[in-house]
Each structure stands twice: as C-alpha cells, then as structure tokens.
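In: The sequence and its predicted three-dimensional model are supplied below.
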Amino acid sequence: MLCGCIGYAAFGNKAPGDFLTDFFYEPYWLIDFANACIVLHLIAAYQVFAQPIFQFVENKCNKAWPESNFITKEHSMNILFLGKCRISFFRLVWRTAYVIFTTVVAMIFPFFNAILGLIGAAAFWPLTVYFPVEMHISQRKIKKHSMRWIGLKLLVLVCLIVTLLAAIGSIVGLIKSVKAYKHFHS
C-alpha cells in the first residue's frame with residue numbers, strides 16, 4: 001500500500017507496474033533479494049487465499065464419494081525433524097493440480113497486474129477488515145452504539161470505500177488493457 005501510494009504520488013498515472021525492474025538494475029544482489037522477498041510473500045499469501053478453496057473441494061469430494069479410499073484415506077509418514085505427518089493422496093494430487101493450473105493461467109494471462117489488483121481489492125475488505133473487526137466486537141462484547149463500536153464501524157466503512165475505489169480502478173485498468181491488447185504480439 002505504501003509503495004503504491006508513494007509511486008502514485010511521484011509518478012501519477014505513469015507509475016510502472018513493477019518498480020523493481022522498471023527503475024533499478026543495480027546492485028543486482030539487492031534486486032535479487034527484493035524479488036526473493038516478494039516470492040516468499042506471494043507463497044504465504046497464496047496459501048492463505050487458497051486454503052478455503054482447497055477445503056471446499058475436499059469436503060464436497062468427501063461427501064460425494066465417502067467410500068473412495070483415494071479421497072478419504074490418510075497415510076501416516078515419519079518426516080525427519082517434523083515427526084509423524086498424515087498425508088492424503090487426493091489432497092496431494094488435487095492441490096498440486098490446482099497450483100499448476102493457477103500458475104499456468106497467471107503466466108499466459110496478458111494483464112496479470114490488473115487481475116491481481118482486482119483480486120486483491122475484492123479480498124482485502126472482507127478478509128482483512130470486516131471479519132477481524134466483527135470478531136473483535138463479538139469477542140470483546142463491545143456494546144452497540146458505544147464510541148468504540150462507532151469507531152470500529154467507521155473504520156470498516158472507510159476501508160470498504162477504499163476497497164470499492166481500488167476495485168473500480170482495477171476494472172478501469174483491465175478495460176484499458178483489453179482495448180489495447182493485440183493477440184500473439186509481443
């Protein structure tokens with residue numbers, strides 16, 4: 001968020017989609033380190049956002065085919081330094097196939113930054129703001145219409161407006177990209 005705001009403040013609509021490679025080329029080790037940090041961050045974020053999809057499909061398959069050993073059976077394995085681990089071959093195959101599929105789609109999709117922005121805008125408000133604030137209000141038993149409750153609800157509303165504006169910006173960027181895109185040209 002900070003990088004995006006500073007980039008927009010400095011460059012306006014001409015801000016590049018990738019600050020690391022569009023401006024800086026040296027020192028190479030610093031760019032490599034920054035890219036490694038981005039990869040680590042994306043792997044963790046991918047896991048957080050993919051888990052509900054994994055769980056949904058696995059639950060549906062368990063209910064649809066409860067007699068299938070491939071889907072329901074778990075095998076125990078001893079893994080060095082981690083101890084005993086339960087492995088399901090269905091989970092292994094399904095999750096690997098999902099990761100391969102989404103990776104291929106991301107690689108062949110021509111407007112990846114705009115799609116990533118739209119997904120980020122759609123996921124930001126409910127996962128990062130709304131649900132955590134509602135859980136906090138519920139766990140702390142904050143009284144309705146108290147100053148704290150009003151402040152938290154105002155925070156949720158402001159973040160919703162920011163999310164909607166980000167989604168609109170991503171959609172506009174997608175529309176511009178689609179209009180300018182020429183198939184099979186580099």
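Out: Sure, I can see it. Residues are numbered from 1 along each chain as shown.

In: Quick check on I87: phi, psi?
Out: Phi and psi for I87, reported as degrees, to the nearest 10, are phi -130, psi 130.

In: For it, give me its contacts.
Out: Residues near I87 by Cβ atoms under 8 Å, 6 or more residues apart in numbering: 74-77. Placement of C-beta: from N, CA and C, glycine included.

In: Can you tell me which of the residues you listed is closest to M135?
Out: E74 (30.4 Å; Cβ to Cβ).

In: how much space between the closest residue to F124 other than its chain neighbours and P52?
Out: Nearest non-adjacent residue to F124, counting by Cβ to Cβ, 6 or more residues apart in numbering: T163, 5.3 Å away. Taking Cβ to Cβ, to the nearest Å as the measure, T163 falls 19 Å from P52.

In: can you check W94 too?
Out: 14 Å.

In: For those two, work out which one has more neighbours and name it.
Out: Neighbours per residue (other Cβ atoms under 10 Å) separate W94 from P52, with W94 holding more: 16 against 10.

In: what about the more buried one, which SS state?
Out: The local conformation at W94, judged by DSSP: H, G, I helix; E, B strand; the rest coil, is helix.

In: Against M147, how distant is the residue lying closest to it once chain neighbours are set aside?
Out: Distances taken as Cβ to Cβ, 6+ apart place V57 nearest to W94, at 6.4 Å, with adjacent residues excluded. Look at V57 and M147: by Cβ to Cβ, they are 44 Å apart.

In: Between those two, tell me which one has more neighbours.
Out: More crowded of V57 and M147, by other Cβ under 10 Å: V57, with 15 against 9.

In: what's whichever strand or helix holds that one packed up against?
Out: Secondary structure from DSSP states H and E places V57 in helix 28-64. Where contact means 3 or more Cβ pairs under 8 Å, 6 or more residues apart in numbering; DSSP states H and E, helix 28-64 is packed against helix 19-23, helix 69-72, helix 89-108.

In: Pick out the shakiest of these, pLDDT-wise.
Out: Among the helices and strands packed on helix 28-64, helix 19-23 carries the lowest mean pLDDT, a mean of 63.

In: quick revisit: what residues of the helix holding V57 count as buried?
Out: 58, 61 (16 or more other Cβ atoms under 10 Å).

In: try stretch 122-136
Out: 124-125, 129, 133.
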